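*Asks:* Give me the fold of what follows.
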Amino acid sequence: MEKNANGTVQRPRVGVGIMIQNNEGKILLGLRQGSHGAGEWAFPGGHLEFGETVFETAKREVEEETGLLINEFELISVADEMRYIKTDQKHYLNLGVKAVYRGGEPRVMEPRKCKEWAWFDFNGLPSNIFEGTELTINNYKNGKIYMPPAELK
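*Replies:* Here you go, the predicted structure:
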């Protein structure tokens with residue numbers, strides 16, 4: 001088992017990313033800053049908290065980060081996010097959730113974590129996409145909940 005600099009066993013964390021599509025079919029992405037994946041575009045999301053369901057996390061994180069209210073959740077992806085192990089010592093099991101958008105404009109509620117929110121067409125996504133978001137989009141487009149890392153290459 002891998003141990004960190006403190007000698008404790010390193011364990012993956014659980015992250016939840018939420019895909020929100022507007023009425024035009026565009027998806028909401030935020031430009032990350034201040035954490036791993038800084039400078040990359042990502043779905044709103046965050047850590048699954050103890051005692052919280054995946055869908056409760058999705059609702060809470062979207063409201064905290066964007067001010068938007070969402071509902072009608074669907075699990076669309078489970079992914080091994082491992083791109084940041086060497087650079088940031090972070091390994092996540094990423095759960096992708098699709099939620100229904102109810103309107104309103106996203107606001108930057110946590111400016112230390114997100115620089116801006118923007119709507120993107122599936123065919124016009126930026127090249128610098130956060131790994132968990134990229135894996136969720138790939139799984140969604142391929143109609144699969146999970147694809148082992150070896151199949152993604």
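
*Asks:* give me every residue that touches N71.
*Replies:* When contacts are counted by CB atoms under 8 Å, 6 or more residues apart in numbering, N71 touches K59, A99, V100, R102. C-beta: built from backbone N, CA, C; applies to glycine.

*Asks:* ok, of those, which come out buried?
*Replies:* Neighbour counting over the contacts of N71 (16 or more other CB atoms under 10 Å) leaves K59, A99 as the buried ones.

*Asks:* if you look at the contacts of N71, which of them are in strands?
*Replies:* A99, V100 (DSSP state E).

*Asks:* okay, now G46: neighbour count?
*Replies:* 18 (other CB atoms under 10 Å).

*Asks:* which non-adjacent residue is nearest it?
*Replies:* Excluding its sequence neighbours, the residue lying closest to G46 (CB to CB, 6 or more residues apart in numbering) is E61, at 4.3 Å.

*Asks:* Now that neighbour: which helix or strand?
*Replies:* helix 54-66 (DSSP states H and E).

*Asks:* pLDDT of that helix, averaged?
*Replies:* Averaging pLDDT along helix 54-66 yields 97.

*Asks:* residues making contact with the lowest-mean-pLDDT helix or strand in the chain?
*Replies:* One helix or strand of the chain scores below all others by mean pLDDT, DSSP states H and E: helix 85-88, with a mean of 86. For helix 85-88, the external contacting residues (CB under 8 Å, 6+ apart) are H36, H91.

*Asks:* chain center to it: distance?
*Replies:* Put simply, helix 85-88 sits 18 Å off its chain's centre (CA atoms, centre = their mean, to the nearest Å).

*Asks:* ditto for stretch 57-74
*Replies:* Distance, centroid of stretch 57-74 to centroid of chain: 12 Å (CA atoms, centre = their mean).

*Asks:* Return the set of residues that bridge with the spatially most central residue of the chain.
*Replies:* What sits nearest the mean C-alpha location of the chain, by CA atoms, centre = their mean, is G17, with 2.8 Å. Counting by DSSP bridges, G17 forms beta bridges with G45, G96.

*Asks:* I27 now?
*Replies:* With DSSP bridges as the rule, I27 is bridged to Q21, F120.

*Asks:* Isn't the residue nearest to G46 up against G15?
*Replies:* No: assessed by CB atoms under 8 Å, E61 is found out of contact with G15, at 9.6 Å.
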